[in-house]
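Colleague: next come a sequence and a model predicted from it.
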Amino acid sequence: MTGLDNPVKFIGAGPGDPDLITVKGQKALNEADLIIYAGSLVPEALLKWKKNGAEAINSASMNLGEIVDMIIDGYKENKKIVRLHTGDPSLYGAIFEQMRELDKHNINYEVVPGVTAAFAAAASMCMEYTLPEVTQTLILTRVAGRTPVPEKESLELLASHQSSMAIYLSIAHVKQVQEILSIHYGEDSICAVAYKVSHPEEQIIFTKIKELAKTVNDEHLNRQAIIVVGKVVETAALKKSVIKSKLYDANFSHGFRL
């Protein structure tokens with residue numbers, strides 16, 4: 001089989017803004033002969049980085065077998081192939097099953113990371129997930145839906161830590177999320193709904209947890225939204241003062257400032 005010099009590249013497209021793709025990802029798009037992109041989430045604006053004559057295929061209506069067959073055919077023709085996924089492909093990207101199929105055919109591949117929505121949302125909110133003596137932990141998770149969640153990773157158990165948390169793929173279960181967050185973070189605590197972050201339609205809406213479901217329904221935020229919760233969200237929303245980190249403390253010595 002040919003293609004040994006052209007491994008298939010699984011690329012993280014970032015959260016939506018075509019300028020938030022990595023330089024390495026942009027270069028791969030510019031060099032690709034065939035781009036198979038997850039069109040249900042990856043905006044066509046990302047295709048501005050492709051070269052003239054490159055073929056771009058929207059895989060939204062394709063199943064796993066059809067996607068793999070297309071990759072195999074292109075690989076045999078020694079094409080440079082990009083499989084373009086939203087955000088970072090390692091997070092809810094469904095790349096593992098694709099790579100295992102490629103392994104069966106001895107097809108080389110590599111993965112290029114991307115910016116995930118949680119980090120684009122934090123940037124839009126000018127927020128730091130890990131504040132000194134507030135929280136040093138960020139949890140990325142989802143509630144169980146059509147895709148189950150391991151029992152030990154239920155939202156109830158994870159929320160009990162009261163750390164910073166970004167909840168993906170759960171906006172359709174917002175009432176359930178509200179009930180759980182109310183118990184562990186308090187119904188009057190502030191959370192944020194980040195809708196289509198970095199897209200032209202981006203919305204960042206701060207709301208009390210007890211009003212989360214109503215806010216989502218009133219604003220018609222029924223997809224492509226994550227819920228962000230934790231004390232850091234309230235700090236960002238209300239511009240509260242915080243404990244300063246030791247890193248830039250004049251009285252704190254470290255390897256670069258002894």
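Modeller: Yep, that arrived.
Colleague: which helix or strand contains residue 61?
Modeller: Using DSSP states H and E, residue 61 sits in no helix or strand.
Colleague: pLDDT at it, what is it?
Modeller: We have a pLDDT of 93 for residue 61.
Colleague: hey, what's residue 191 bridged with?
Modeller: In this entry, residue 191 is beta-bridged to residue 207, by DSSP bridges.
Colleague: correct me, but it touches residue 229?
Modeller: Yes. With contact defined as Cβ atoms under 8 Å, residue 191 counts as touching residue 229 (4.2 Å). In this view, the C-beta of every residue, glycine as well, is placed from N, C-alpha and C.
Colleague: mind listing the helices for the protein?
Modeller: 23-31, 64-76, 95-104, 117-124, 155-159, 174-185, 212-218, 231-238 (DSSP state H).
Colleague: now those helices in CSV, with distance to residue 201?
Modeller: Converted to CSV, those look like this (distance: least, Cβ to Cβ, whole Å):
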stretch, distance to residue 201
helix 23-31, 22
helix 64-76, 28
helix 95-104, 26
helix 117-124, 13
helix 155-159, 27
helix 174-185, 19
helix 212-218, 15
helix 231-238, 21
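Colleague: relative to residue 166, which of those helices is closest?
Modeller: Proximity to residue 166, assessed across those by Cβ to Cβ, is greatest for helix 117-124 (3.8 Å).
Colleague: and that closest one with helix 231-238, angle?
Modeller: Comparing the axes of helix 117-124 and helix 231-238 via axes from the mean of the first three to the mean of the last three Cα atoms, to 10 degrees yields an angle of 30 degrees.
Colleague: helices or strands up against helix 117-124?
Modeller: If you count contacts as 3 or more Cβ pairs under 8 Å, 6 or more residues apart in numbering; DSSP states H and E, helix 117-124 packs onto strand 164-168, strand 190-195, strand 225-229.
Colleague: C-alpha coordinates for it, CSV please?
Modeller: Extracted in CSV, the C-alpha atoms of helix 117-124 (Å, rounded to 0.1, in the frame of the first residue of the first chain):
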residue,chain,number,x,y,z
ALA,A,117,-14.4,24.8,23.6
ALA,A,118,-13.8,25.0,27.3
PHE,A,119,-10.6,27.0,26.7
ALA,A,120,-12.1,29.2,24.1
ALA,A,121,-14.9,29.9,26.6
ALA,A,122,-12.4,30.8,29.3
ALA,A,123,-10.7,33.2,26.9
SER,A,124,-14.0,34.9,26.1
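Colleague: many thanks, have a good one.
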